[in-house]
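Novice: Based on what follows, work out the 3D shape:
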Amino acid sequence: MSMLEERSAAAGGGPEWRVEPRPLGYPEAVAAMEQRVAAIRAGTAPELVWLLEHPPIYTAGTSAEDADLLDPRFPVYRSGRGGEFTYHGPGQRVAYVLLDLKRRNPDVRAYVRDLEEWVIRALARFNVVGERRAGRVGIWVDRGPYTGERGREDKIAAIGVRLRRWVSFHGVAINVEPDLSHFAGIVPCGIRGHGVTSLVELGIPATLADLDVALRASFAEVFGEPLPVIPAEAGIQGGTLGAGGSGSPPSRE
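Specialist: As a prediction, this is how the structure comes out:
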C-alpha cells in the first residue's frame, strides 16, 4: 500500500484534500495518481482533490500537434489526458481531481462542465468573471474590466482529464502568478490568436493559498460535498500520494 493509501484508507465522507508544500515532478505526480486511481477502484482509498505546483514543464495531451511546440525550453511530457499542449510551473495552481464517476454520475461531458463551473465560481470569489467559449478549451477572461484592453480575451485556466473505468484523474490548472512568458514556448491548447493571463496580471493580489480557499468552497457548491478540510500533515513525496474541456474530449479507458 502506498503512502497515500495508508494515510487515506481510514478517511470517510467526501474526497480527501491534499496540498503539496513544494513543486512536485510531473512523472512522480502521474505515478501517484495511477496508484490512487487503482485504490479508488478497489475501494481501499477515498476520492481525492490534490492541489500542487509543478516545476516548469510542458505537457502534451492526446490531441497535441508537434507544430504547437514552438520552443521546448523546458522538459516535455506526453500525457494521457485530453487536450493539447499546456504549461505548468510555479505560481500556477494545479488541481488533480480523482473522483468515482460511476458512483456519482457516469456522464463525461457533465463532469467536464462541472469542472469548468468549479473554476468559474472560484474565480468569482475574486470578482473575476471566468467564461466558457465554444470551440476554445478552458476558462477565459475579458480583459476590459481589469486592464482597459477592450475586446481582448485571455485564458486563465486549462482543463484536461482522463478516465479509467469511470475514475477521473488529471484536472485543472489555474494561473495565479506564474511567469507568463513561459507560455511562449507552445501554442497553449492549440488555440492561436489569444493569450494567457493570471489573477495577479489582472491586478488581483491573490496567492495560491487564497485560491485554495476559494476552490474548497466552490467545490462544495458544485459537487455537493460537505466543506472539505485539508489534513494537518502535508506532503506527498517520492511518487506516492499519502490539464481537455468542452472543446476537447477527455481521454477515457
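Novice: Which parts of the stretch 1-150 of the chain are strands?
Specialist: Remark: strands assigned in the stretch 1-150 of the chain by DSSP state E, counting those that start in this stretch are 16-19, 48-52, 57-60, 76-78, 85-88, 92-98, 131-133, 136-142.
Novice: Okay, His194 and Ser63: tell me how far apart.
Specialist: 17 Å (CB to CB, to the nearest Å). Heads up, the C-betas are built off the backbone N, CA and C, glycines and all.
Novice: Reformat the strands of the stretch 1-150 of the chain into JSON lines and put mean neighbour count next to each item.
Specialist: Output for these, formatted as JSON lines (neighbours: other CB atoms under 10 Å):
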{"stretch": "strand 16-19", "mean neighbour count": "21"}
{"stretch": "strand 48-52", "mean neighbour count": "23"}
{"stretch": "strand 57-60", "mean neighbour count": "23"}
{"stretch": "strand 76-78", "mean neighbour count": "14"}
{"stretch": "strand 85-88", "mean neighbour count": "26"}
{"stretch": "strand 92-98", "mean neighbour count": "25"}
{"stretch": "strand 131-133", "mean neighbour count": "16"}
{"stretch": "strand 136-142", "mean neighbour count": "25"}
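Novice: Of all those strands, which one is nearest Val167?
Specialist: strand 92-98 (6.5 Å; CB to CB).
Novice: re the thing from before, same drill for His194 and Ser63, tell me which one is more crowded.
Specialist: Counted by other CB atoms under 10 Å, His194 and Ser63 do not tie: Ser63 has more neighbours, with 20 against 17.
Novice: Sheet-wise, list the partners of the strand or helix carrying Val161 with their directions.
Specialist: According to DSSP states H and E, Val161 maps onto strand 153-164. Partners of strand 153-164 in the sheet, by DSSP bridges, are strand 136-142 (antiparallel), strand 167-175 (antiparallel), strand 195-196 (parallel), strand 251-252 (parallel).
Novice: Please give the centre-to-centre distance between that strand and its chain.
Specialist: Per CA atoms, centre = their mean, to the nearest Å, the displacement of strand 153-164 from the mean C-alpha position of its chain is 7 Å.
Novice: go on, stretch 95-108?
Specialist: For stretch 95-108, the distance to the chain centre is 14 Å (CA atoms, centre = their mean).
Novice: try stretch 176-195
Specialist: Taking the mean of its C-alpha atoms, stretch 176-195 sits 16 Å from the chain's own mean (CA atoms, centre = their mean).
Novice: per-residue confidence averaged over that stretch?
Specialist: Confidence over stretch 176-195 (mean pLDDT, whole number) is 85.
Novice: and the end-to-end length of it?
Specialist: Stretch 176-195 has its terminal residues 15 Å apart, counting by CA to CA, to the nearest Å.
Novice: same thing with stretch 70-81?
Specialist: Distance between the boundary residues of stretch 70-81 (CA to CA) amounts to 21 Å.
Novice: now what about that stretch, what contacts it?
Specialist: Residues outside stretch 70-81 that contact it (CB atoms under 8 Å, 6 or more residues apart in numbering): 26-27, 30, 56-62, 64, 69, 87, 89, 160-162, 170, 182, 184-187, 243-244, 250-251.
Novice: picking up where we left off before, please identify which of the strands of the stretch 1-150 of the chain is closest to Lys155.
Specialist: Among those, strand 136-142 comes nearest to Lys155, with 4.9 Å by CB to CB.
Novice: what about that closest one, average pLDDT?
Specialist: Mean predicted lDDT for strand 136-142 stands at 91.
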